[in-house]
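**Q** Everything below, folded, please.
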Amino acid sequence: MNHTSVERKLKTDIIQKNIVRKQLEKKMSQVTRYTHQREKATSNRWHKRHATTINRLQGEIAELREQLNPLNADLEARIKAEMEFSEEEVEAFRAQYQQEHAEMIAARQRVDAIQSDLEETQSEESPAGESTDTASDSEASEEIHQKEAELARAERAMKEKDVEEVQREIESEEKDKVFFTRELRRIIAEREIYG
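**A** Numbering: from 1, shown residues only. The predicted structure follows:
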């Protein structure tokens, strides 16, 4: 959800690295295609053209490899550092979630208790048609207002515990962890293939 600037920069750099990798793959595929065409060429002119194109593409491939290898090394170190931080962050969010969830349950129980007390107080109040003592009437009315105010405070406290937000943040961190793990595997594979 709320990604830090470090996470955003890291993901942007991963995207840029993947763009370089895709360009490299495209150039390698072109080399393969031109090599097959050169082998099938019957005239010297086409043979030389394909050979020139292959040499040019191989030079571009070398340049892309020179860009990709340092990017992979840099990203691997940064992803590992972010994943360590992310693990600590997830555990902190889980602890916060458990605490806020317990507080929300306690607040809900308090709201329910206050509502039942309020209903009892209102039912004890005499029906509107009967004449009663004005002093006891005002005491009952004051007690009802106090309980309603206490109920409102308890409901506000319950709403302040944003358990869902913490749960969404935990899910986001877990998705990031999966994303970074997948990217680390890709980096290892790229080192083997293009290294």
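
**Q** The most centrally placed residue in the chain: which element?
**A** Closest residue to the average C-alpha location of the chain: S172 at 2.5 Å, with C-alpha atoms, centre = their mean. Using DSSP states H and E, S172 falls within helix 163-194.

**Q** What does the pLDDT read for the residue nearest to the centre of the chain?
**A** pLDDT, S172: 80.

**Q** gap between stretch 174-188 and the chain center?
**A** In this view, stretch 174-188 has its centroid 13 Å away from the chain centroid, taken as C-alpha atoms, centre = their mean, to the nearest Å.

**Q** May I ask which helix or strand encompasses I61?
**A** helix 44-124.

**Q** could you check the angle helix 163-194 makes with that helix?
**A** Interaxial angle, helix 44-124 versus helix 163-194 (axes from the mean of the first three to the mean of the last three C-alpha atoms, to 10 degrees): 160 degrees.

**Q** pLDDT of helix 44-124, averaged?
**A** Summarised as a single mean, pLDDT over helix 44-124 is 81.

**Q** now for that helix, which elements pack on it?
**A** Contacts defined by 3 or more C-beta pairs under 8 Å, 6 or more residues apart in numbering; DSSP states H and E place helix 44-124 against helix 5-40, helix 134-160, helix 163-194. Quick note: C-beta positions are derived from backbone N, CA and C, even for glycine.

**Q** Lowest mean pLDDT across those helices, which one is that?
**A** Confidence, taken as mean pLDDT, is least for helix 134-160 of these (a mean of 68).

**Q** Could you list every helix and strand in contact with the helix holding S172?
**A** By 3+ C-beta pairs under 8 Å, 6+ apart, helix 163-194 packs against helix 5-40, helix 44-124.

**Q** buried stuff in the first one?
**A** Residues of helix 5-40 classed as buried by neighbour count (16 or more other C-beta atoms under 10 Å): 7, 10-11, 14, 17, 20-21, 23-24, 27-28, 30-31, 34, 38.

**Q** just curious, which of these is nearest to D74?
**A** Minimum distance to D74 across the buried residues of helix 5-40 is 8.8 Å, recorded for K17 (C-beta to C-beta).

**Q** okay, the helices and strands packed on helix 163-194 in JSON lines with distance to S138 next?
**A** Formatted as JSON lines, those follow (distance: least, C-beta to C-beta, whole Å):
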{"stretch": "helix 5-40", "distance to S138": "60"}
{"stretch": "helix 44-124", "distance to S138": "13"}
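
**Q** Tell me which of the ones you listed sits nearest to E165.
**A** helix 44-124 (9.3 Å).

**Q** Now do that closest one against helix 5-40, angle only.
**A** Orientation of helix 44-124 against helix 5-40 (the same axes, to 10 degrees) gives an angle of 150 degrees.

**Q** distance between stretch 95-106 and the chain's centre?
**A** That offset, for stretch 95-106, works out to 21 Å (C-alpha atoms, centre = their mean).

**Q** same question, stretch 62-73
**A** What separates the centre of stretch 62-73 from the centre of its chain is 28 Å, taken as C-alpha atoms, centre = their mean.
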